[in-house]
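**Student:** just the structure for this:
(2 chains)
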Amino acid sequence: MELVFEKTKGLRDKTTHYCPGCTHGIIHRLVAEVMEEMGILEDTVGVASVGCSVLSYEYFNCDMTQAAHGRAPAVATGLKRVLPEGRFVFTYQGDGDLASIGTAEIVHAAARGENITVIFVNNAIYGMTGGQMAPTSLLGQKTATSPFGRDAGLQGSPIRISEMLATLDGAAYITRVSSHDVPNIIKAKKAIRKAFETQKKGLGFSLVEILSTCPTNWGLDPLESLHWVRDNMVPVFQLGVYKDVEEGK
Amino acid sequence: MGKVLMKGNEVIAEAAVHAGCKYLFSYPITPQSELVAYMAKRLPEVGGLFLQAESEVAAINMVYGAASAGVRVMTSSSSPGVSLKQEGISYLVGSELPAVVVNIMRGGPGLGSIQPAQSDYFQATKGGGHGDYQIPVYAPATLQEIVDLMRDAFNLADRYRTPVYILGDGMLGQMMEPVEFKEVVNEELPPKDWATTATRGDGGPKLTNSLFLDPAELEEHNNHLQAKYAKIKEAEVRYESYLLDDADYVIVAYGTVSRIAKNAIKEARNQGIKVGMIRPITLWPFPEQPFIETRDRVKGYLTVEMSAGQMVEDVRLAVEGRKPVFFYGRTGGMVPGQEEILEKIIEMAGGEQ
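**Tutor:** This next block holds a predicted model:
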């Protein structure tokens, strides 16, 4: 029989714990496929962060180090700076981890131009702890800790990480993509590939922000969640390339 | 190589280099600043790297990353900075990563002062961060002892896969003394086959981790850590006995305070009071044996610290109520003088001799 599809070798044979309709699974697969296609699974150390994706260390088929909440870029810095040439280091972080408790670490890793790749999964909410407001939660968004909707006067406005980091000289490639439909997923994979290629070329810090879903904590079904990303998140977190040193951008 | 005159903080740095440490991740803080400045110049000479982190929190996590890749790595700081590192130290413990953490203590609490203190004894010896763990703590008293202990600290860290503290105070960091770096053949250590360096055909993927969601697994992991601590207590205790054989009274002091206490002991002996000293070199594991050996024959113990009384609790545990344990301490950066200690000795011995 002709083999028409094979699961990527970049993922281990494990059933993930992610909720139905959560796009972590898709994003894991994209990262894993890129590592497999580039032939770097045996050259890569991934850094798992705290939150739903902490267990990514169970799924990626490469060496993994689990970091404290928000500290993945610092851990990745330590790894990358001492590993021999030719090794790849990436972090996989959610928005609570990267954009709240870990802002200092991500800003300074980017400022130093750490030659690492950051996969930043933004679903505008804390998942693992039960749906609290994230720094990326939208104005008016109801969460466990913003029950009346996020109010700019009370809780501030959503942080746009990609735009912020793109102002730093050390950042080589910063882009925001989305996982809400097939065309965007294909673009997301291209962006992840480019980020790893950026690291391979030694150009500096690369980050791919991927808009993602949280049906469980948003209280929406999987399809509604994809639409919610498209209709509510994309207008606030506009997709596009924010920094690309190769293109002079 | 003969003796060279160096500053304490620089001695720590050079001794670490001699021990094979090529990586330092730190954040500037007084009174350990000379250490990072020295390493910023020195480490590139040995093909290593000093990286100034954006915070103490980031520094200890860079250490975590480097240690997970299997290299000898160190961070250095002073009291308020070491408080910030506690989260990362707890993770190092949980993930069983070797590293050396230097704390050149200053007065506290809060921002405190930049003057010498021993106020972080509890933090260093009783866990410090969250969880249920111990960390070996070396407390050198002289700069030459720093040279000798740094290698032991790195070896112990590697052998047991644990962070290790070097606990000094601002005085030790700032003083100058002649030291000699002897070339030593390092002991054989277990291979770091656990390191997450990318798999490279050496078997399945490896994991550095401190998360165990299954309580039974976490308890097993904790039992494993406790078994390791039992081994460390068995094999790694260090202390110095000074004039203990005929002593009626025993001073207990560590680090720089022990040096001042020695002078007070000499003076007390001139006055006819037989005083000796137990100087813990490892604060954890705490040396209980010299107390077991002396507590039935001496008349009392006097613990002297630059704190409001921290090590004295371990002394009392070791003496088990069999003899009185007195305490004398200064805090906030004030250093106990020889005369003050002598007065306390005379008081303990029942007044004017």
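
**Student:** for A:Gln93, phi and psi?
**Tutor:** Phi and psi for A:Gln93, reported as degrees, to the nearest 10, are phi -130, psi 150.

**Student:** what's the spacing between it and A:Cys52?
**Tutor:** Look at A:Gln93 and A:Cys52: by Cβ to Cβ, to the nearest Å, they are 11 Å apart. Where C-beta positions appear, they are placed from N, C-alpha and C, glycine not excepted.

**Student:** who has more neighbours out of those two?
**Tutor:** A:Gln93 (32 against 26; other Cβ atoms under 10 Å in any protein chain shown).

**Student:** render the CA-only coordinates of stretch B:114-122 in CSV, please.
**Tutor:** Written as CSV, here are the backbone C-alpha positions of stretch B:114-122 (Å, rounded to 0.1, in the frame of the first residue of the first chain):
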residue,chain,number,x,y,z
ILE,B,114,26.6,46.7,52.4
GLN,B,115,28.6,45.9,55.5
PRO,B,116,29.5,42.3,56.4
ALA,B,117,27.0,40.0,58.1
GLN,B,118,26.1,36.3,58.6
SER,B,119,22.4,36.9,58.5
ASP,B,120,21.6,34.4,55.7
TYR,B,121,22.6,31.3,57.7
PHE,B,122,18.9,30.2,57.9
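
**Student:** quick one: buried residues of stretch B:276-293?
**Tutor:** B:276-288, B:290-291 (16 or more other Cβ atoms under 10 Å in any protein chain shown).

**Student:** which among the residues you listed gets closest to B:Val4?
**Tutor:** Comparing these against B:Val4 with Cβ to Cβ places B:Ile281 closest, at 23.2 Å.

**Student:** for chain B, what lies in contact range of chain A?
**Tutor:** Residues of chain B lying close to chain A by Cβ under 8 Å from any Cβ of the partner chain are B:23, B:25, B:49, B:51, B:53-55, B:57-59, B:61-69, B:71, B:73, B:87-88, B:91, B:95, B:196-201, B:205-211.

**Student:** give the contact list for B:Pro136.
**Tutor:** B:153, B:156, B:160, B:162, B:164-165, B:232, B:236, B:282, B:284-285 (Cβ atoms under 8 Å, 6 or more residues apart in numbering or on different chains).

**Student:** count the neighbours of residue 210 for me.
**Tutor:** You didn't say which chain, so I picked chain A. For A:Ile210, using other Cβ under 10 Å, the count is 25.

**Student:** wait, chain B
**Tutor:** So B:Ser210, with other Cβ under 10 Å, has 19 neighbours.

**Student:** contacting residues for it?
**Tutor:** Counted by Cβ under 8 Å, 6+ apart, B:Ser210 has contacts A:66, B:91, B:93-95.

**Student:** now, the most widely separated pair of the residues you listed?
**Tutor:** A:Gln66 and B:Val93 (13.7 Å).

**Student:** so which residues of the stretch 101-250 of chain B form helices?
**Tutor:** B:121-125, B:143-160, B:170-174, B:215-235 (DSSP state H, counting those that start in this stretch).

**Student:** thinking again about what came up before, out of the buried residues of stretch B:276-293, which is nearest to A:Lys201?
**Tutor:** When the buried residues of stretch B:276-293 are compared for distance to A:Lys201 (Cβ to Cβ), B:Trp284 wins out at 47.5 Å.

**Student:** nearest spatial neighbour of the closest one, chain-adjacent residues omitted?
**Tutor:** B:Thr125 (4.2 Å; Cβ to Cβ, 6 or more residues apart in numbering or on different chains).

**Student:** need the contact list for the one you found.
**Tutor:** Per Cβ under 8 Å, 6+ apart, neighbours of B:Thr125: B:134-135, B:137, B:283-284, B:286, B:314.

**Student:** narrow those residues to those in strands?
**Tutor:** Judged by DSSP state E, these include B:137, B:283-284 as members of strands.

**Student:** so the closest residue to B:Val100 other than its chain neighbours, which state does it fall into?
**Tutor:** Once flanking residues are discounted, B:Val100 sits nearest to B:Met74: 4.5 Å by Cβ to Cβ, 6+ apart. At B:Met74 the chain is in strand, as set by DSSP: H, G, I helix; E, B strand; the rest coil.

**Student:** chain A versus B:Met74, what's the distance?
**Tutor:** 12 Å (Cβ to the nearest Cβ, to the nearest Å).

**Student:** nice, that's everything, thank you.
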